[in-house]
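A.B. asks: sharing a sequence plus its predicted fold:
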Amino acid sequence: MPHTESVPLGVRVSSDIEHRPDRPSPYRARVRWFDPVSKRRKSLSAGKDTHDQAEEWVTDILKAAQAGIAPNVATMSLAEYGTANMDLALRGLELKTLAPYLAGWRRRVVPALGHFPVRMITNGAVDRTVHGWIADEHSRSTVKNSLAVLVRVMEQAVRDGLITVNPARVTGWQREYKQAEDELDNPRALALRDWPTLLRLAEALVGRSHGHYQGWGEVVLFAAATAARIGEVSGVRVSDIDTHTWIWTIRRQTTPAPGGLTDKNTKGKRARQVPLIEEIRPLLAQRLLAAGPNPNARLFTGPRGGRISTAVLRDATHWDEVVTSLGHEHLRRHDLRHTGLTWFADAGVPAHVLRKIAGHGSLLTTQRYLHPNMTQITNAGAALTAHLNPVRTPVSLAVQPAPGHRR
């Protein structure tokens, strides 16, 4: 890790914030002081996106100096802090426990919370993260191991004086797990009502994004209309779209990995085909035209051409604030997939076809999206009754008894 100057205890520190509009992070926050030994003036600075963020940085540096914490530690992200202190955090654990803990850290904790400064992680952020893991159908042991390693890393931060209370010590997550299981038993309850509701959501998300980037709304529309995961939307290439049949062959998904986002096989590790409805064909045509002739060009990217993930979409559009303002406070990005599958089911798509579109391994999973039509159920019962009780032959056609035969 590169050396960063530390603010000595007891020295007078001055600070300033400079607005430089030509820079990617236009607000430079800076603190300066005179070193008591060398008598030379020293400084620390950092670029921030907003004035509020710059003020927070200055405040954190001053607090860290008062507590004797090095600034490079005080402003560390969770991912950086975990990398630097993982051996301390996990000391005393058996080898058989280390592997699942480290896997949980790499695959779940860092993608969800790694970009936050350690001092900014709250109980609420951890609560929402754990619920997201559960809702994504991770097993109980996977959630337990991922939370356990986060608890240990944050406990080390308490010992280092970065924070005073461990925010990862959340309780009742098992009840959250049960609640999420109940929701997944009825995924229809997670779906948006109709297409106009989806359009309003997409427009609101674009309106809250930096520069009102239309691509975020198009990602949302495309994900719901195809019942796809956000990672699969991020992975779609020009060659995956057949404009003659309007079929999308889903071959890959973008997922978090050590070092950043990467492409890998779909969740079921096999390609599947999804119809592209008329409502999204115009935006697809525009995307294909903009992508050019390169068959490997991505159709959906961030405003700077980067890969998309569910976390990127959340942060760029202020997702939680937007869905709450629209009355969908429990809506997650994955619920766009629930929306699409519910709409397909309501349109009368047979369960075996819907299963192929969804890429479900089990038909039981697909059947949860089917709407129970009471008329059809009643008719099914009548049909079974008719099958079990053959139509009676009319009396006039019955065989007459022989003369003299006594009945």
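C.D. replies: Done, it's in.

A.B. asks: need the contact list for the closest residue to Arg23 other than its chain neighbours.
C.D. replies: Once flanking residues are discounted, Arg23 sits nearest to Gly47: 6.3 Å by CB to CB, 6 or more residues apart in numbering. From N, CA and C alone the C-beta is placed, and that goes for glycine too. If a contact means CB atoms under 8 Å, 6 or more residues apart in numbering, then Gly47 has Arg23, Pro24, Ser25, Pro26, Tyr27, Arg28, Ala29 as its contacts.

A.B. asks: can you pick out the most distant pair from those?
C.D. replies: Greatest spatial distance among the contacts of Gly47 (CB to CB): Pro24 and Ala29, at 14.8 Å.

A.B. asks: these two: who's more crowded?
C.D. replies: A side-by-side neighbour count of Pro24 and Ala29, using other CB atoms under 10 Å, places Ala29 first with 24 against 8.

A.B. asks: pLDDT of the strand or helix carrying the more buried one, averaged?
C.D. replies: Using DSSP states H and E, Ala29 falls within strand 27-34. Averaged over strand 27-34, pLDDT sits at 87.

A.B. asks: ok, now stretch 115-131?
C.D. replies: Across stretch 115-131, pLDDT averages out at 86.

A.B. asks: centre of the chain to it, how far?
C.D. replies: Mean-position distance between stretch 115-131 and its chain equals 14 Å (CA atoms, centre = their mean, to the nearest Å).

A.B. asks: so which residues make contact with it?
C.D. replies: Contacts of stretch 115-131 (CB under 8 Å, 6+ apart): 60, 74-79, 81, 109, 112-113, 143, 147, 150, 154, 157, 162-163, 167-168, 170, 173, 176, 180.

A.B. asks: which one of the contacts of Gly47 is nearest Gly211?
C.D. replies: The nearest member of those to Gly211, counting by CB to CB, is Pro24 at 13.1 Å.

A.B. asks: that closest one - that's part of a helix, no?
C.D. replies: No: per DSSP: H, G, I helix; E, B strand; the rest coil, Pro24 lies outside any helix segment and is coil.

A.B. asks: before we move on, the earlier item: is the residue nearest to Arg23 in a helix, a strand, or coil?
C.D. replies: The three-state label given to Gly47 by three-state DSSP is strand.

A.B. asks: residues contacting Arg91?
C.D. replies: Contacts of Arg91 (CB under 8 Å, 6+ apart): none.

A.B. asks: ok, it to Arg169 distance?
C.D. replies: 19 Å (CB to CB, to the nearest Å).

A.B. asks: where does Arg298 fall, phi/psi-wise?
C.D. replies: Main-chain dihedrals, Arg298, degrees, to the nearest 10: phi -80, psi 140.

A.B. asks: ok, it to Gly260 distance?
C.D. replies: To Gly260, Arg298 is 15 Å away according to CB to CB.

A.B. asks: same check on Arg332?
C.D. replies: 23 Å.

A.B. asks: ok, the two, which is more surrounded?
C.D. replies: Taking neighbours as other CB under 10 Å, Arg332 and Gly260 compare with Arg332 leading, 20 against 10.

A.B. asks: mind checking the SS state of the more buried one?
C.D. replies: Arg332 - assigned by three-state DSSP - is coil.

A.B. asks: Glu321 now?
C.D. replies: helix.

A.B. asks: next, the contact list for it, please.
C.D. replies: Going by CB under 8 Å, 6+ apart, Glu321 touches Arg208.

A.B. asks: ok, which stretches of the stretch 201-350 of the chain are helices?
C.D. replies: Secondary structure of the stretch 201-350 of the chain by DSSP state H, counting those that start in this stretch: the helices cover 214-226, 230-235, 281-291, 310-317, 319-325, 335-346.

A.B. asks: what is the last one packed up against?
C.D. replies: Based on contacts counted as 3 or more CB pairs under 8 Å, 6 or more residues apart in numbering; DSSP states H and E, the elements that helix 335-346 packs against are helix 214-226, helix 351-358.

A.B. asks: who touches that helix?
C.D. replies: 187-188, 190-192, 198, 220, 223-230, 351, 354, 357-358, 366, 369-371.
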